[in-house]
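Novice: Could you work out the structure for the sequence below:
(one chain, ligands or ions: 1)
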Amino acid sequence: MIFGIGLANHLYTSTVARMIQTRDIKLVGIVGSGIMGSGIAEVVSRAGMDVVVCSRAEQTAHATRSAIEKSLANKLSKAKISQEQMDTAMSHVYVTSKIEDLANCDLVIESAIEDLTTKQRLFVELDKVVKLSCVLTTNTSTLPVIEMARSTNRPDKVCGIHFFNPAVIMPLVEIIRPITASDETIALANAFVATCGKDGVQVADRAGFIVNALLFPYLNNAIAMLEAGTASMEDIDTAMKGGCNFPMGPFALLDLVGLDTSVSILEALYSEFKSSNLEPRPTLRKLVEQGKLGRKSKQGFYNY
Ligand SMILES: NC(=O)c1ccc[n+]([C@@H]2O[C@H](COP(=O)([O-])OP(=O)(O)OC[C@H]3O[C@@H](n4cnc5c(N)ncnc54)[C@H](O)[C@@H]3O)[C@@H](O)[C@H]2O)c1
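Specialist: Numbers count the residues shown, from 1 in each chain. Take a look at the predicted model:
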């Protein structure tokens, strides 16, 4: 059962004219409704495409729709969007707890936890339920996209579409091309990213792609510096903002990314590049063991 405004059938039979700029993408599926899944859904809905978010439970599916509505209402209250823009965006948002409801999607973005086995299992399931023409993509931060492509019978129609956090604000999207992807798949990904109003860059399928391969050694080294007693985390954050003109320091950024996600990213980078400064620092692991995952759990390096 798909939940949204109007009947589920509306998704497939609507005669209402829609402002869809990417001719071949009318319905986008998103698997996973965490920080990124719900942010990407808001981006897609505001770009005028229908989006159906698949959560693991019906309750979290409804919570996702409410979270998107709250985020849009917040922008409305600050006069960043109009009531009409909010209503139009919400009319594009559907949620479900059943992966079969993604059957008619033209493009699916998998955005579940950063764990290869979980993602491969989802790709196997998606490959069975979505129509043959559907392009399957992953929002992974570091994992090999080829391993997900090979879990399907359509490796030519699989690529990475890596949004940044917060998806609504960050302009960059990395388009990751595994060796199996066809030109058509990459062209469709490029068109989709452009329709979302984002700046796409193309990158080969290597751990960390561009941004995280450069960013995470720095973030891990900031924790090593804290552990060595060189400076407090507040002073390290202040130094990198004031000295490098970064909008936030490394500890605030780790909390924003999520500390569990950060461990997974570092592990994937370490397993590919084997550099000792990519091994997740003990302090990072300890915080995750304590359930302190950053902003999303209200406690990380800082309290929220
Ligand atoms: N957090 C970031 O800054 C960031 C930025 C870009 C990309 N990413 C990537 O986006 C993806 C999601 O990250 P997030 O930050 O939204 O994480 P999150 O922890 O906020 O959400 C993870 C989601 O995965 C779902 N999930 C967990 N186990 C699952 C399973 N077995 N099957 C299906 N779904 C499952 C959870 O219910 C949740 O909805 C990851 O691949 C991550 O690397 C994260």
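Novice: what's the residue nearest to Val44 when sequence neighbours are not counted in contact with, if anything?
Specialist: Once flanking residues are discounted, Val44 sits nearest to Val51: 4.2 Å by CB to CB, 6 or more residues apart in numbering. For the C-beta atoms, the positions are set from N, CA and C on the backbone; glycine is no exception. Val51 is in contact with Leu27, Val28, Gly29, Ile30, Ala41, Val44, Ser45, His92, Val93, Tyr94, counting by CB atoms under 8 Å, 6 or more residues apart in numbering.
Novice: Contacts made by the helix or strand where Ser262 lies with the rest, please.
Specialist: Assignment of secondary structure by DSSP states H and E places Ser262 within helix 259-273. Helix 259-273 is contacted by residues 113-115, 141-143, 206-208, 212-213, 216-217, 219-220, 254, 257, 278-280, 284-285, 287-288, 292-294, 300-301 when judged by CB under 8 Å, 6+ apart.
Novice: list the contacts for Arg121?
Specialist: By CB under 8 Å, 6+ apart, the contact set of Arg121 is Ser151.
Novice: how does it look with 6 Å?
Specialist: If you count contacts by CB atoms under 6 Å, 6 or more residues apart in numbering, Arg121 has none.
Novice: one step back: can you list the buried residues in the helix holding Ser262?
Specialist: Neighbour counts using 16 or more other CB atoms under 10 Å place Leu259, Asp260, Thr261, Ser262, Val263, Ser264, Ile265, Leu266, Glu267, Ala268, Leu269, Tyr270 of helix 259-273 among the buried residues.
Novice: The residues you listed: which ones sit near the ligand?
Specialist: Thr261 (CB under 6 Å from any ligand atom).
Novice: Considering the buried residues of helix 259-273, which is situated nearest to the ligand?
Specialist: Set against the ligand, the nearest of the buried residues of helix 259-273 by CB to the nearest ligand atom is Thr261 (4.7 Å).
Novice: Quick check, pLDDT for Val28.
Specialist: pLDDT recorded at Val28 is 98.
Novice: Look up how far the ligand lies from Gly37.
Specialist: The span separating Gly37 from the ligand equals 6 Å under the rule CB to the nearest ligand atom, to the nearest Å.
Novice: Just confirm that residue contacts Ser111, I think it does.
Specialist: Yes. Here Gly37 reaches Ser111: they are 4.2 Å apart, a contact under CB atoms under 6 Å.
Novice: give me phi/psi at Ile81?
Specialist: For Ile81, the backbone dihedrals (degrees, to the nearest 10) come out as phi -140, psi 160.
Novice: and it, how many neighbours does it have?
Specialist: By other CB atoms under 10 Å, the residues close to Ile81 number 17.
Novice: show me the contacts for it.
Specialist: Contacts of Ile81 (CB under 6 Å, 6+ apart): Lys75.
Novice: On the pLDDT front, check it for me.
Specialist: pLDDT for Ile81: 96.
Novice: Same question for Leu7.
Specialist: As predicted, Leu7 sits at a pLDDT of 35.
Novice: out of the contacts of helix 259-273, which touch the ligand?
Specialist: For the ligand, the contacts drawn from the contacts of helix 259-273 by CB under 6 Å from any ligand atom are Ile113, Glu114, Ser141, Val257.
Novice: Output these in TSV; the columns should cover secondary structure and neighbour count.
Specialist: Shown next, in TSV, are these (DSSP: H, G, I helix; E, B strand; the rest coil; neighbours: other CB atoms under 10 Å):
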residue	secondary structure	neighbour count
Ile113	coil	12
Glu114	coil	21
Ser141	coil	27
Val257	helix	24
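Novice: Would you tell me which residues of the stretch 151-300 of the chain are close to the ligand?
Specialist: Neighbours of the ligand within the stretch 151-300 of the chain, by CB under 6 Å from any ligand atom: His162, Phe163, Phe164, Asn165, Val257, Gly258, Thr261, Lys296.
Novice: Asp101 in helix, strand or coil?
Specialist: Using DSSP: H, G, I helix; E, B strand; the rest coil as the criterion, the local structure at Asp101 reads helix.
Novice: circling back to that earlier point, relative to Thr88, which of the buried residues of helix 259-273 is nearest.
Specialist: Taking CB to CB as the measure, Thr88 lies nearest Thr261 of these, at 31.6 Å.
Novice: Closest residue of the stretch 151-300 of the chain to the ligand?
Specialist: Going by CB to the nearest ligand atom, the ligand is nearest to Asn165 of the stretch 151-300 of the chain, at 3.2 Å.
Novice: How many residues are close by the residue nearest to Gly197 when sequence neighbours are not counted?
Specialist: Closest residue to Gly197 apart from its sequence neighbours, by CB to CB, 6+ apart: Ala47 at 6.3 Å. A count of nearby residues for Ala47, using other CB under 10 Å, gives 23.
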